[in-house]
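Engineer: Sequence below, structure please.
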Amino acid sequence: MSNQETDKAFDVLIVGAGLSGIGAAVHLRKRCPDRSLAILEGRSASGGTWDLFRYPGVRSDSDMYTLGYEFKPWLAAKSIADGPAILSYIRETATEHGLDAHIRYQHKVVSAAWSSADALWTVDILQGPDAAAIQMRCKFLLMCSGYYRYDQGYLPDFEGMADFKGQIVHPQHWTPDVQWAGKRVVVIGSGATAVTLLPELAQTAGHVTLLQRSPTYMVSRPAVDPVAVWLNGHLPAKLSYALTRWKNVLMGMFFYRLAKAKPTAFAGKLIEGVRHELAPGFDVEKHFTPAYKPWDQRLCLVPHGDLFQSIREGKASVVTEHIDRFTPEGILLKNGQRLNADLIVTATGLDLQALGGMALTVDGKPVQPKDCLGYKGMMLSGVPNLANVFGYTNASWTLKSDLTSKYVCRLLNHMTQTGARHCTPTLSDASVKPERWVDFSSGYIQRSLDRFPQQGDKSPWRLHQNYILDLLSLKYGRLNDGALVFSR
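Structural biologist: As a prediction, the model looks like this:
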């Protein structure tokens, strides 16, 4: 990068070249074509999550008609897509919109400092393989860096791990040399990653054991959407895609509201569906009946029931028990049972972080996200000219990221029209009560509550987790709402 470019103040710097960052750049190109932008990517390749995760069978846990961009129809047959297909979709989008030249690879953002006098962010970056320190400046900072650490996953401190004679691998760090054919494999975890891994490993492993502390709600769903297939055969691609997208949005909202309104009945239907998938006599109550209510944690999607098929065929089994310690041969459980293994996969979750771990200062004063309230689920109280793309916990990530990016475009155009240089979410209503940033009981959420901004108990500080409400607010709501303060 030339000195001239580092000295230049970009209109917008986008942090992250994954699903959100590429989508945001396309929206900016469409709606704010006169704005200069650069995309800063800490890794050496684009794609974010879908380039990072290389474990066997990696796939989406949302349908691609809602996980895909609203402006680019998903044309592949499978609506539950594998990782390589999603990665190809993201990179194809970047190329189609001429974004490849705007991505700065190996540009890891470490901090950002706002100056009110200059109305600029100064961003500190570690560039290249030697991590050379450089700075870039921008008028608006758009964070599309996701919500978890890329350099490490979450791994509990299991006693005796160093004693195990086989191989231990975390799915976030899967490498091509990991071998499982013919081996005894234990997968620790009960979330989406574990459920995705098991059927793929079970095809060639000697046996795979899913070891979980407690069960998760699971739902089987076809990998191919028959309605989408029919629409694709009878309507233009864009119309077919839009109709399928809205169908899936509305169905998702309906079932989420039903689960919240009638949790006992909804849970019963989910468990009944699992029981139908497994052989008579399988202990569904022990292994697939959670203690929490549906959608207190995210549901696990099982395309075509592949997990259950592996169990029915005897290629895989489920053990629900706590770990006492690792042993040279495998794992000793609290109940005294031993699980012998050649390979242990620790699908124990993500290590969450806000704003990509970036340190933040405003006019020389450090800002901690946990001390801020989230404005419309995307900006921070007291922090000017910064937005953070964060998707839904109860629906596809991209539904919210598309809305957020388009809102930022509205914001930028409004500032140009009015001559404003600052836009700052400002909490002036003393009656707003802070609440946790998201009401989820999942371990990875609970471990990170003190790292993320809180939400308020009323709009615009309330995080709705509702696509329709957000659509009305972000696309059609007033920008001058009294909480977002504009100044020159």
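Engineer: quick one, helices of the stretch 151-300 of the chain?
Structural biologist: Assigned helices in the stretch 151-300 of the chain, in chain order: 192-202, 226-234, 237-261, 263-277, 284-287 (criterion: DSSP state H, counting those that start in this stretch).
Engineer: Need those in CSV (columns: distance to H27).
Structural biologist: For the C-beta atoms, the positions are set from N, CA and C on the backbone; glycine is no exception. Listed next are those as CSV, based on distance: least, C-beta to C-beta, whole Å:
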stretch, distance to H27
helix 192-202, 28
helix 226-234, 24
helix 237-261, 16
helix 263-277, 35
helix 284-287, 44
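Engineer: now those helices as JSON lines including mean pLDDT?
Structural biologist: Converted to JSON lines, the helices of the stretch 151-300 of the chain look like this (pLDDT from 0 to 100):
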{"stretch": "helix 192-202", "mean pLDDT": "95"}
{"stretch": "helix 226-234", "mean pLDDT": "90"}
{"stretch": "helix 237-261", "mean pLDDT": "94"}
{"stretch": "helix 263-277", "mean pLDDT": "95"}
{"stretch": "helix 284-287", "mean pLDDT": "95"}
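Engineer: Got the domain ranges for this protein?
Structural biologist: What automatic domain parsing lists as the domains of the chain is 3-150+351-487, 161-346.
Engineer: before we move on, back to that, which one, of the helices of the stretch 151-300 of the chain, ends up nearest to S396?
Structural biologist: helix 237-261 (8.0 Å; C-beta to C-beta).
Engineer: same for the closest one, what does it pack against?
Structural biologist: For helix 237-261, the helices and strands in contact under the criterion 3 or more C-beta pairs under 8 Å, 6 or more residues apart in numbering; DSSP states H and E are helix 64-67, helix 226-234, helix 263-277, helix 467-471.
Engineer: List the buried residues for that helix?
Structural biologist: Applying a neighbour-count criterion of 16 or more other C-beta atoms under 10 Å, the buried positions in helix 237-261 are 240-242, 244-245, 247-249, 252-253, 255-256, 259.
Engineer: TSV for those, including distance to L469?
Structural biologist: Converted to TSV, those look like this (distance: C-beta to C-beta, whole Å):
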residue	distance to L469
S240	26
Y241	23
A242	20
T244	22
R245	17
K247	19
N248	18
V249	12
G252	14
M253	10
F255	17
Y256	13
A259	18
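Engineer: Between those, which sits nearest T404?
Structural biologist: Checking the buried residues of helix 237-261 against T404 by C-beta to C-beta gives V249 as the nearest, at 16.0 Å.
Engineer: follow-up on the earlier one: quickly compare the helices and strands packed on helix 237-261 and say which is most buried.
Structural biologist: When you average the neighbours per residue for each of the helices and strands packed on helix 237-261 (mean count of other C-beta atoms under 10 Å), helix 64-67 leads with a mean of 25.
Engineer: lowest average confidence, helix or strand, in the chain?
Structural biologist: The helix or strand with the lowest mean pLDDT-type score in the chain, counting by mean pLDDT, DSSP states H and E, is helix 3-7 (a mean of 58).
Engineer: Whichever helix or strand comes after it pairs with which strands, and in what direction?
Structural biologist: Downstream of helix 3-7, the first helix or strand assigned by DSSP states H and E is strand 9-15. In its sheet, strand 9-15 lies beside strand 37-40 (parallel), strand 132-143 (parallel), with partners assigned from DSSP bridges.
Engineer: what about T204, distance to S310?
Structural biologist: 12 Å (C-beta to C-beta, to the nearest Å).
Engineer: ditto for G18
Structural biologist: 30 Å.
Engineer: Look at these two and report which has more neighbours.
Structural biologist: A count of neighbours by other C-beta atoms under 10 Å puts G18 above the other of G18 and S310, at 26 against 21.
Engineer: contacting residues for the more buried one?
Structural biologist: Residues counted as contacts of G18 (C-beta atoms under 8 Å, 6 or more residues apart in numbering) are S46, G47, G48, T49, W50, D51, I90, C144, G146.
Engineer: now do 6 Å
Structural biologist: Listed by C-beta atoms under 6 Å, 6 or more residues apart in numbering, the contact set of G18 reads G47, G48.
Engineer: now the one 5 residues further on
Structural biologist: For G23, the residues meeting the contact criterion (C-beta under 6 Å, 6+ apart) are Y69, S401.
Engineer: and of the helices and strands packed on helix 237-261, who's closest to H422?
Structural biologist: helix 467-471 (24.3 Å).
Engineer: From the chain's centroid, how far away is that closest one?
Structural biologist: 19 Å (C-alpha atoms, centre = their mean, to the nearest Å).
Engineer: so what does the next helix or strand after that helix touch, helix or strand wise?
Structural biologist: Going down the chain from helix 467-471, the next helix or strand is strand 484-487, by DSSP H and E. Under the contact definition 3 or more C-beta pairs under 6 Å, 6 or more residues apart in numbering; DSSP states H and E, strand 484-487 sits against strand 422-425.
Engineer: Tell me where the stretch 51-200 of the chain has strands.
Structural biologist: Listed in chain order, the strands of the stretch 51-200 of the chain (DSSP state E, counting those that start in this stretch) span residues 103-104, 107-115, 120-127, 132-143, 167-169, 184-188.
Engineer: Just name the most buried of those strands.
Structural biologist: Of all the strands of the stretch 51-200 of the chain, strand 184-188 has the most neighbours on average by mean count of other C-beta under 10 Å, namely a mean of 23.
Engineer: Next, the angle helix 192-202 makes with that strand.
Structural biologist: Our comparison of strand 184-188 with helix 192-202, counting by axes from the mean of the first three to the mean of the last three C-alpha atoms, to 10 degrees, yields an angle of 170 degrees.
Engineer: Now do S214 against A94, distance only.
Structural biologist: Spatial separation of S214 from A94 under the definition C-beta to C-beta is 40 Å.
Engineer: Of these two, give the one with the bigger neighbour count.
Structural biologist: Using other C-beta under 10 Å as the criterion, S214 and A94 rank with A94 on top: 22 against 14.
Engineer: which ones are touching the more buried one?
Structural biologist: The neighbours of A94, taking C-beta under 6 Å, 6+ apart as the test, are I22, D100.
Engineer: switch to 10 Å and redo it
Structural biologist: With contact taken as C-beta atoms under 10 Å, 6 or more residues apart in numbering, A94 is in contact with 17, 21-23, 25-26, 39, 46-47, 100-103.
Engineer: of those, buried ones?
Structural biologist: Those of the contacts of A94 that meet the buried threshold are A17, G21, I22, G23, A25, V26, I39, S46, G47, H102, I103, by 16+ other C-beta under 10 Å.
Engineer: What is the nearest of those to Q353?
Structural biologist: Closest approach between the buried ones among the contacts of A94 and Q353, by C-beta to C-beta: G21, at 16.4 Å.
Engineer: Name the helix or strand for the closest one, please.
Structural biologist: Per DSSP H and E: helix 19-31 holds G21.
Engineer: quick one on the thing from earlier: make CSV from the strands paired with strand 9-15 and add distance to L270 and mean pLDDT to it.
Structural biologist: As requested, the strands paired with strand 9-15 are arranged in CSV below (distance: least, C-beta to C-beta, whole Å; pLDDT from 0 to 100):
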stretch, distance to L270, mean pLDDT
strand 37-40, 40, 98
strand 132-143, 35, 97
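Engineer: As TSV, the ones you listed with distance to A354 would be great.
Structural biologist: Supplementary listing: those in TSV, determined by distance: least, C-beta to C-beta, whole Å:
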stretch	distance to A354
strand 37-40	17
strand 132-143	9
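Engineer: If anything else comes up later, I'll come back, but that's it for now.
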